[in-house]
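Need a 3D model of the sequence below.
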Amino acid sequence: MKMSVSSFESKSKVFASGLRIFLILLISVTGLFLPEVQAQEVYHPQRLMIQFSEQSGLNKQLTEVFQDRTIESFVPSTYPEIDSEDPAFRHGDNTFLHYIFEFFNSYPVQSVRPLIKSTERSALSSAFDRVYLVYISEDSDVTGTLENLLQNQFIEVAEPDYIGFGGGKLVSMGEFETTMLLPKTNPPVNDVHFNFQYGLLNTGQSIGGILGIAGADINIVPGWSLTTGNSEIVLGVLDSGMPLEHHEFEGRVFQGFNFVSNNNNYFDDHGHGASVTSIAAATGNNSGLMAGTDWQSTILPVKILDNNNSGLYSWWINGINYAVENGAHVINMSVGGSSQSTFLQNAVNSALENGVIVVACMMNENNDVTYYPAGYEGVISVGATNNKDERAEPFAWGGGSNYGNHIDFAAPGDNIASLSGNNFQSIGYWSGTSMSAPFVAATITLMLSIDPNLTRDEIYSILKETTRDRVHGNKDKTQEWEQFTGWGRIDVTAALELTLAGTFPSSVDSNQGSFQNKYGFIFPNPASDQVSVITSNEIHTIEIIDTSGRLLISIPSQQQGSKSYIDISKLSNGIYLIRYKGKNIVQTQKLIVKNH
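Numbering: from 1, shown residues only. Model prediction:
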């Protein structure tokens, strides 16, 4: 069943029209997250996305016209466009534009413009140079128009401009308990509400009236001693925006953009984006309201959700392009739509091909319905856990973390303290997989702050190797994937230690060059009493030496892919070298011993 609205303002007020659709949709249902709403295809009743074949005369004419009208940069409220009132159609002689003229007369078309609002160097240009956003008349039927368009041999793809939603919901504002089970020592940072952030440090404190389980967190506190981020790493947050000025993000925000209103005002008029951004990147230990996961990365805010937490896929596609074009290393998309889209998938694929990591939330219907972009191959898809280390089901407001064969990892997502609402000087509890995704996205930016050359596959392997899976009765499982939390809840410190060690996946065959001239890795690093070492099959001996070169420990290497365990409990705190030896091979890696 399709959901649409019968009346709209003129195309010159399309964004206001879109807002009215969303308002009517919201009034007609009891919430954004009920399966009977989001499992249905929701789309704009006048906007279509169309890809013409390269051989079509229409595509060639459109290309020529828009080359003459190309904008050189992102200019607020400016798109090159042809509409039914275009002066080119008023001269009587339509020979030059006859294909375009015929297109307008054969279908209920009101205007055509390139889908991607960008410069000629668009990051996604190869995938979208023949894709256009087409407005049809408000009395037209989307389904019937699409059927007619797809009968045209020169149209390769045509689909509605689908609508998706943010994947989180505000539970309460400022209703924090006055008594808590607090750590016996002072909190590790001085942010005012840190003790309510169980996702960062769970001591068993009460959150939303529910006592947690100590350790059911992302284990980040020790990791902050390794890195708190790097301003050279850019995190693109595609959401409802963020506060234009805030102490928690001071000096860290790069030029954002608003694809809802088509300007550079990325102010968050809903609150979802502020929550997501603060979870990922609020500056910690600054006597502020809260601590984020990564304190140093540069934030690139891109507004793709309106004040009802809803967004058109065309906004999302443009947002992905903008983030890639402006240097994002990681993109967080705490959004989801139930409609599969060729164009949205192409945008995601292009981002991945450009080396950008895309993280998305699973959504919140407590079922296995696939939402996008989480359902696309290559996207790191994140589900939610609660303060008891269980899959979040239900959330504080209902629903539950979605599951299925495309889930990768999990992170805390229920009753997450973060910036929110219309008052960004206060903290509220938010619930949803939207809150889980930024924990993972920011973990990746922290990993990149240590090694900016990590590939998507290397990042995935490190996360997979270091997860903690305690879902279903809190029974630990090792390296098992299941449909509810994927490989498990992330462990930030373990991931950073493995990144610092300069690792590679233990399951690859070194004869195929997958080790990239690295003959072994060590874990954890730093280590205290014992260290695990995995080597390639060229290595026959593992040694530990001090910085003066003195040999301290020597053991034979295990078979390639198997772990060797080395007792380092008698070593003093400090820096050592692991030395791998084989025929004509001697290679070293740094080992840090601490916390004896």
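
all strands for the stretch 1-150 of the chain, in order.
Per DSSP state E, counting those that start in this stretch, the stretch 1-150 of the chain carries strands over the ranges 2-3, 41-52, 82-83, 109-114, 131-136.

Let's have the ones you listed in CSV, adding distance to residue 331.
For glycine as for every other residue, the C-beta is placed from the backbone atoms N, C-alpha and C. Formatted as CSV, these follow (distance: least, C-beta to C-beta, whole Å):
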stretch, distance to residue 331
strand 2-3, 28
strand 41-52, 20
strand 82-83, 31
strand 109-114, 22
strand 131-136, 20
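
So for residue 306, which of those sits nearest?
strand 41-52 (12.1 Å; C-beta to C-beta).

and the closest one, what does it pack onto?
strand 2-3, helix 14-28, helix 57-68, strand 131-136, helix 142-149, strand 155-166, helix 313-325, helix 342-353 (3 or more C-beta pairs under 8 Å, 6 or more residues apart in numbering; DSSP states H and E).

want to throw the strands of the stretch 1-150 of the chain into CSV with mean neighbour count and distance to residue 540?
Shown next, in CSV, are these (neighbours: other C-beta atoms under 10 Å; distance: least, C-beta to C-beta, whole Å):
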stretch, mean neighbour count, distance to residue 540
strand 2-3, 14, 66
strand 41-52, 23, 57
strand 82-83, 18, 70
strand 109-114, 21, 60
strand 131-136, 22, 56
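
Could you export the ones you listed to TSV, including columns for distance to residue 355 and mean pLDDT?
What follows is the strands of the stretch 1-150 of the chain, written out as TSV (distance: least, C-beta to C-beta, whole Å; pLDDT from 0 to 100):
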stretch	distance to residue 355	mean pLDDT
strand 2-3	37	34
strand 41-52	25	95
strand 82-83	35	82
strand 109-114	24	93
strand 131-136	22	96
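
ok, and the closest non-adjacent residue to residue 388?
residue 213 (5.1 Å; C-beta to C-beta, 6 or more residues apart in numbering).

Looking at the strands of the stretch 1-150 of the chain, which is nearest to residue 58?
Once the strands of the stretch 1-150 of the chain are compared by C-beta to C-beta, strand 41-52 is nearest, at 5.7 Å.

Within the sheet, what are the partner strands of that closest one, with directions?
strand 2-3 (parallel), strand 131-136 (antiparallel), strand 155-166 (antiparallel) (DSSP bridges).

could I have the longest one exported to CSV, CA atoms only?
Spelled out, it's strand 155-166. In CSV, the C-alpha atoms belonging to strand 155-166 read as follows (Å, rounded to 0.1, in the frame of the first residue of the first chain):
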residue,chain,number,x,y,z
ILE,A,155,14.6,5.2,-19.6
GLU,A,156,16.7,2.7,-17.7
VAL,A,157,15.5,3.3,-14.1
ALA,A,158,12.5,5.3,-12.7
GLU,A,159,11.3,5.3,-9.1
PRO,A,160,9.5,7.5,-6.6
ASP,A,161,11.4,9.8,-4.3
TYR,A,162,10.9,7.6,-1.2
ILE,A,163,10.7,8.9,2.3
GLY,A,164,12.7,7.5,5.3
PHE,A,165,13.0,8.4,8.9
GLY,A,166,15.4,8.9,11.7
